[in-house]
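prediction below, plus the sequence it came from.
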Amino acid sequence: MKLNQYLPFLGWLPAYRREHAVSDLVAAVIVTVMLIPQSLAYALLAGLPAQVGLYASILPLVLYALFGTSRTLSVGPVAVIALMTAAALAPIAEAGSPAYVAGAVLLGVMSGLMLFLMGVLRLGFLANFLSHPVISGFITASGLVIAASQLKHILGVQASGHNLLEIGSSLLANMGNTHLPTLLMGIGALVFLVLARKKLKPLLRRLGVGARMADILTKTAPILAVFVT
């Protein structure tokens, strides 16, 4: 029992069945294909070279499959942490420089050690002191900044800034340089993803596709957008 607490895979691996492999394989394909562009984008959001996102995405997934205790937790780079990394390192070094990359690695190691120490000391109860409005406001504000920072890629223009005002003014200044093919591709991909999430499964069911297959095809729709773009 003590060993299962530290090595959770010893608990679920003996009970693993062949029928579980189909769902796991679909999930693995979706995660792998979607993680590639996602991790590249998060690396750029953090001010790091794009390939660093791939390096930071592979090992956590493998380790959590063995040592994780949740079957639904999303593991890997997240936009908020990428944004916070850029904010912490921007005053220290130029984005993308060797010193910046070294600072990001050091920041990751320090954060990991702090989280490990907090886990050993069972300090998770401190999260109860963070009120829901504070967390909700932080996530909402981060989402706005992240969305604004990605508009330059949809518009095909050069823009920079570390807050909403800086990003907004930079976008407005370069709006005249909008690259129309890039804009059309970005809008088309967004429209497809929204429609696929809301309309694709009912459409497939009306066409006679089985419930499970329709669910799988709906979940893999983003893969099609990645391949086409």
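Now that the structure is in, tell me what you want to look at.

surely Gln183 and His153 touch.
Quick fix: residue 183 is Leu, not Gln. No: counting by CB atoms under 8 Å, Leu183 stays clear of His153, with 10.2 Å between them. To be clear about C-beta, it is placed using only N, CA and C from the backbone, and glycine gets the same treatment.

name the residue closest to the centre of the chain, please.
Val78 (4.1 Å; CA atoms, centre = their mean).

ok, now which ones touch that residue?
Tyr42 (CB atoms under 8 Å, 6 or more residues apart in numbering).

and the gap between it and Ser131?
21 Å (CB to CB, to the nearest Å).

how about the helices in this protein?
Assigned by DSSP state H, the chain shows helices spanning 2-6, 9-12, 18-45, 50-67, 79-89, 98-120, 132-155, 164-173, 180-195, 201-206, 211-219, 221-228.

reformat those as CSV; add distance to Leu73, mean neighbour count and mean pLDDT.
What follows is those, written out as CSV (distance: least, CB to CB, whole Å; neighbours: other CB atoms under 10 Å; pLDDT from 0 to 100):
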stretch, distance to Leu73, mean neighbour count, mean pLDDT
helix 2-6, 17, 9, 73
helix 9-12, 14, 12, 80
helix 18-45, 13, 15, 82
helix 50-67, 8, 14, 85
helix 79-89, 15, 19, 87
helix 98-120, 14, 13, 92
helix 132-155, 17, 14, 87
helix 164-173, 30, 15, 88
helix 180-195, 23, 13, 92
helix 201-206, 25, 14, 89
helix 211-219, 18, 15, 83
helix 221-228, 20, 14, 82
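
for Leu126, which of those helices is the nearest?
Closest to Leu126 of those is helix 98-120 (CB to CB; 7.9 Å).

elements contacting that closest one?
Other helices and strands packing on helix 98-120, by 3 or more CB pairs under 8 Å, 6 or more residues apart in numbering; DSSP states H and E, are helix 50-67, helix 79-89.

need the residues that contact the shortest one.
Contacting residues not belonging to helix 79-89 are listed as 42-43, 45-48, 95, 100, 103-104, 107, 139, 142-143, 145-146, 149, 162 [CB under 8 Å, 6+ apart].

go with 7 Å
Here helix 79-89 makes contact (CB atoms under 7 Å, 6 or more residues apart in numbering) with 42, 45-47, 100, 103-104, 107, 142, 145-146, 162.

what do you get for the first one?
The contact list for helix 50-67, computed with CB under 7 Å, 6+ apart, reads 7-9, 35, 39-40, 42-44, 75-77, 101.

break the chain down into its structural domains.
Following automatic domain parsing, the chain resolves into domains at 1-128, 130-178, 179-229.

any idea how far the longest one is from the chain center?
Using CA atoms, centre = their mean, to the nearest Å, we find the averaged C-alpha position of domain 1-128 to lie 10 Å away from the chain's own average C-alpha position.

what does stretch 125-140 give?
When C-alpha coordinates are averaged (CA atoms, centre = their mean), stretch 125-140 and its chain have centres 20 Å apart.

what's the span of that stretch, first residue to last?
This stretch, stretch 125-140, spans 24 Å end to end (CA to CA, to the nearest Å).

could we number from 11 for the rest of this?
Taking 11 as the first residue, the last one we looked at is stretch 135-150.

hang on, isn't Leu174 packed against Leu154?
Yes: Leu174 is within contact range of Leu154, at 6.1 Å (criterion: CB atoms under 7 Å).

just to revisit the earlier point, can you add distance to Leu136 and give the helices of the chain back as CSV?
Shown next, in CSV, are those (distance: least, CB to CB, whole Å):
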stretch, distance to Leu136
helix 12-16, 22
helix 19-22, 28
helix 28-55, 26
helix 60-77, 22
helix 89-99, 18
helix 108-130, 8
helix 142-165, 13
helix 174-183, 29
helix 190-205, 37
helix 211-216, 41
helix 221-229, 36
helix 231-238, 36
